[in-house]
Structure formats: structure tokens, C-alpha cells
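A.B. asks: I'll drop the sequence and a predicted model, then ask my questions.
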There are 2 protein chains.
Amino acid sequence: MTVTTEHPSTNGVDTATLFATIDAVKGQNEIAKFQFRASNTWVNGTHSRSTISGFHGAMQELQHQAPTVVESDHPAVLVGTDEAPSPVEYLLHAIAACLTAGIANIAAARGVTLTSVRSDVEGDIDLLGILGLSDGSVRNGYEQLRVTFHIAGDADEDTLRGIVEQSRRRSAVYDALTNPTPVSIDVVVD
Amino acid sequence: MTVTTEHPSTNGVDTATLFATIDAVKGQNEIAKFQFRASNTWVNGTHSRSTISGFHGAMQELQHQAPTVVESDHPAVLVGTDEAPSPVEYLLHAIAACLTAGIANIAAARGVTLTSVRSDVEGDIDLLGILGLSDGSVRNGYEQLRVTFHIAGDADEDTLRGIVEQSRRRSAVYDALTNPTPVSIDVVVD
């Protein structure tokens, strides 16, 4: 059986399945409860490695089609061995990727075909905070993130800007960064 | 010329250079102003790709020793093609890696040799938020993150717990997530 919709794969998004998923969640909210996970192992110095593989969602334990290993380190200028991007740089990737996925989904749902979406993210951080050299006025994290999107598609400028704005309103990473996210830390001494 | 310290490379951390760096920043705060960057390109559907390469710091333009390419996608159950971890999963890697780098640095500065640091991160998220199915009571981002560290080293339990706690207090990613981080979004229509 083939499900036919007006825009079956606009932007590579299977809109029929997207709308069916939203309908399924409407009928059973429990489907929407997800838990994502990562396991990290210290390598040496500021270098560590995470594996991302399993997660819980749609009322079942699930696995990505392949595990992903990502690494972090500090750059040499911050006394690391620069084997990988620093932890804070992954936040820049996360927000760009989250907003971009939303843009593709929302555009497809609105029948807009995109031809190009690029973004540059910049994060300003004053390391007086993490180095313990501030009197408390300098925070540890980013003072400001700026995301600049370059977008093109078969819609007028207002429509394209509206798609980006709707993606911001629905973005998990935008919310996680711009609003407080509770983080608990437990320690087991081996 | 060789700089000799009591713990020249505890945990793979060059403590002499670490302390010299902190002294240099004390003398000239401008050294601590950094800007990190990522550039993202939409691939298809919810799949996108970021490149992390250049940054500004220590009053100069710098490059990582190699560019890193990282990808994101949504899992199949969320109507993606599961080519890579989802954007929110990178937040879990970022916080684990940031806290772990801090643990290694702080332990070295305190003369503690670590033998093992592992962590598991879990993030609970209710997708009613991003699916637009909530009445406003469900946020888009994570409701709760939990980090569990397993740590071993040549110090007593209180000392090891104190190192993790000091890392939390100085963590850039912990601050970026637990406190509001301003994010601006600009759009250029091509």
C-alpha cells in the first residue's frame, strides 16, 4: 500500500509519515516520552570519547542504526592536545543542526521546497570564568551565541523567514540553551 | 630549557604550562576572550553536517590541528534517516566531555593521579513540546539531565568527589545548560 500526499518527499522529509506520527502521539502521549543517552570515557589529559547508541522512545528501547563515537579535547592554546573539538564547540553544532532539521520539516509541512540551508554559529566566551580569575562577574559559559542562516527555496522572503522563526519556537536545543536545564551529577568512587 | 614541577604530566596534563597560562591571563585579561565557531550545511531531510575548524583566542586567529566534521539527523522513529545522532544527543556528549576535562585538569593541579573516569549521561525529553502538541506546559528541551561519574584515582573518596564538584563549578557547558545563554538568530535569504 502506498500513502500518497501532496508533497510526498519535499526536502527529503516524508511528510505523510511525519503527520501520521503527530497523529499517533496525539492519540497516546506516552509515545512522546524519550530518553537520550551518551557514555563518555576519559582518554588522557583533556581528551575524552563518547559513544552514542541506545535510547528510549515510542515506549520501547531503541538503537541508532550505528553507534557514533565523538571525541573532545582542549586546543593546544588551552593546554590540551587538540585531538578533537572542545566540548563547547559541540553546542554550536547542536544548535545549528537542531534549527536546520526543524527548518526542513516545517518547510516540507508548508509545501516549501528548499534548495539550500547553511548556517554559521559563533559563540563568545571569556575564559576568566572557567580559569577562576573572575570576581564572579564573568560566567563560565558563552556570553552570547549568534546563528546566521543563509536559506533559499521556492517561497518568498517572508515565508522563508517565517519557517526559520517557527523552527526556533520548536527547537529542543534552542530551549535547552536559552532556558535553564536542570543537570544532576552523581559520583561513584570505584 | 626544561620547566620542572612536582607533577609535570599528572593525568596527561602539563601542569607547568597550565599554571603558566593562568599567570599569563592574570597579567593580560584580553588573552581569555575566545570565540568558537561552527559552520553547518543542510544535507537532506533532518540530516545536516557541521565543520569545526577555526576560532579566535589568545588575541589571535587560530585553527584546530585538523578540521572536524560532525553530522546530525533524526532517528527513524522521529521520521529522520538516522545517519547520525540527533542534535540533542550532542549536548550529552558536550557536558560529559567538559566535566571530564575539568576533572583531569583539577586533579592534576591538586596532585591527584586518576586511573579511570567514566560517565553516563541521560536526558529526559517529552516531545509533545517540539511536536506542538502541548498546551505550553511541556518545554521543547530536556526536562532533566543526569550525569553519573565513575572515578578512580590515588586519593580518598572525599578528595575525588571534591574534584568532580570543582569541575562542575568551573564547567562552561554546565553553565551554558543550567543558566540562560542568549542566542540570536539572523536570516539571510539567498
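C.D. replies: Here it is on my side, so go on.

A.B. asks: All the helices of chain A, residue numbers only.
C.D. replies: Along chain A, counting by DSSP state H, helices occupy A:15-27, A:87-109, A:157-169, A:172-178.

A.B. asks: Of those, which stretch is the most buried?
C.D. replies: Ranked by mean neighbour count, the helices of chain A are led by helix A:87-109 with a mean of 28 (mean count of other CB atoms under 10 Å in any protein chain shown). Heads up, the C-betas are built off the backbone N, CA and C, glycines and all.

A.B. asks: ok and that helix relative to helix B:87-109, angle-wise?
C.D. replies: Orientation check (axes from the mean of the first three to the mean of the last three CA atoms, to 10 degrees): helix A:87-109 against helix B:87-109 gives 180 degrees.

A.B. asks: how deep is A:Leu78 tucked in, by neighbour count?
C.D. replies: Neighbour count for A:Leu78, taken as other CB atoms under 10 Å in any protein chain shown: 20.

A.B. asks: hang on, it packs against A:Pro85?
C.D. replies: No: using CB atoms under 8 Å, A:Leu78 is not in contact with A:Pro85; the gap is 12.0 Å.

A.B. asks: and the residue nearest the centre of chain A, what does it touch?
C.D. replies: Nearest to the geometric centre of chain A sits A:Ala94, at 3.3 Å (CA atoms, centre = their mean). A:Ala94 sits next to A:173, B:72, B:87-88, B:90-91, B:94 when contact means CB atoms under 8 Å, 6 or more residues apart in numbering or on different chains.

A.B. asks: Might you report the residue contacts of the nearest residue to it once chain neighbours are set aside?
C.D. replies: If you skip the residues right next to it in sequence, A:Ala94 has B:Tyr90 as its closest partner in space, 4.2 Å away by CB to CB, 6 or more residues apart in numbering or on different chains. Contacts for B:Tyr90 (CB under 8 Å, 6+ apart) come out as A:70, A:90-91, A:93-94, A:97, B:70, B:72.

A.B. asks: Kindly report the same for A:Thr100.
C.D. replies: Contacts for A:Thr100 (CB under 8 Å, 6+ apart) come out as A:117, A:119, A:167, B:40, B:42, B:48.

A.B. asks: at 7 Å what do you get?
C.D. replies: Counting by CB atoms under 7 Å, 6 or more residues apart in numbering or on different chains, A:Thr100 touches A:117, A:119, B:40, B:42, B:48.

A.B. asks: State the phi and psi torsions of A:Tyr142.
C.D. replies: Here is the backbone geometry of A:Tyr142 (degrees, to the nearest 10): phi -60, psi 140.

A.B. asks: So for the nearest residue to it once chain neighbours are set aside, what's the pLDDT?
C.D. replies: Spatially, and ignoring its direct neighbours in sequence, A:Tyr142 is nearest to A:Gly123 (4.4 Å; CB to CB, 6+ apart). With respect to pLDDT, A:Gly123 scores 98.

A.B. asks: With A:Asp135 instead?
C.D. replies: The model reports A:Asp135 with a pLDDT of 88.

A.B. asks: those strands in chain A, which residues are they?
C.D. replies: Here chain A has its strands, by DSSP state E, at A:33-44, A:47-57, A:60-72, A:114-126, A:144-153, A:183-189.

A.B. asks: Can you lay out the ones you listed as JSON lines showing mean neighbour count?
C.D. replies: Formatted as JSON lines, the strands of chain A follow (neighbours: other CB atoms under 10 Å in any protein chain shown):
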{"stretch": "strand A:33-44", "mean neighbour count": "20"}
{"stretch": "strand A:47-57", "mean neighbour count": "20"}
{"stretch": "strand A:60-72", "mean neighbour count": "15"}
{"stretch": "strand A:114-126", "mean neighbour count": "21"}
{"stretch": "strand A:144-153", "mean neighbour count": "19"}
{"stretch": "strand A:183-189", "mean neighbour count": "16"}
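
A.B. asks: Figure out which of these is closest to B:Thr159.
C.D. replies: Relative to B:Thr159, the nearest member of the strands of chain A by CB to CB is strand A:183-189, separated by 9.5 Å.

A.B. asks: Would you list the strands that the closest one pairs with, along with their directions?
C.D. replies: Sheet partners assigned to strand A:183-189 using DSSP bridges are listed as strand B:144-153 (parallel).

A.B. asks: re earlier: mind putting the helices of chain A into CSV with mean pLDDT?
C.D. replies: Below are the helices of chain A laid out as CSV (pLDDT from 0 to 100):
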stretch, mean pLDDT
helix A:15-27, 92
helix A:87-109, 98
helix A:157-169, 98
helix A:172-178, 98
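
A.B. asks: Save those as CSV, and put in distance to A:Gly54 too.
C.D. replies: Below are those laid out as CSV (distance: least, CB to CB, whole Å):
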stretch, distance to A:Gly54
helix A:15-27, 20
helix A:87-109, 19
helix A:157-169, 27
helix A:172-178, 19
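
A.B. asks: B:Ser53 is nearest to which of those?
C.D. replies: Nearest of the helices of chain A to B:Ser53, taken as CB to CB: helix A:87-109 at 9.8 Å.

A.B. asks: Off-centre distance for the closest one?
C.D. replies: With CA atoms, centre = their mean, to the nearest Å as the basis, helix A:87-109 stands 5 Å off its chain's centre.

A.B. asks: okay, the angle between it and strand B:60-72?
C.D. replies: 50 degrees.
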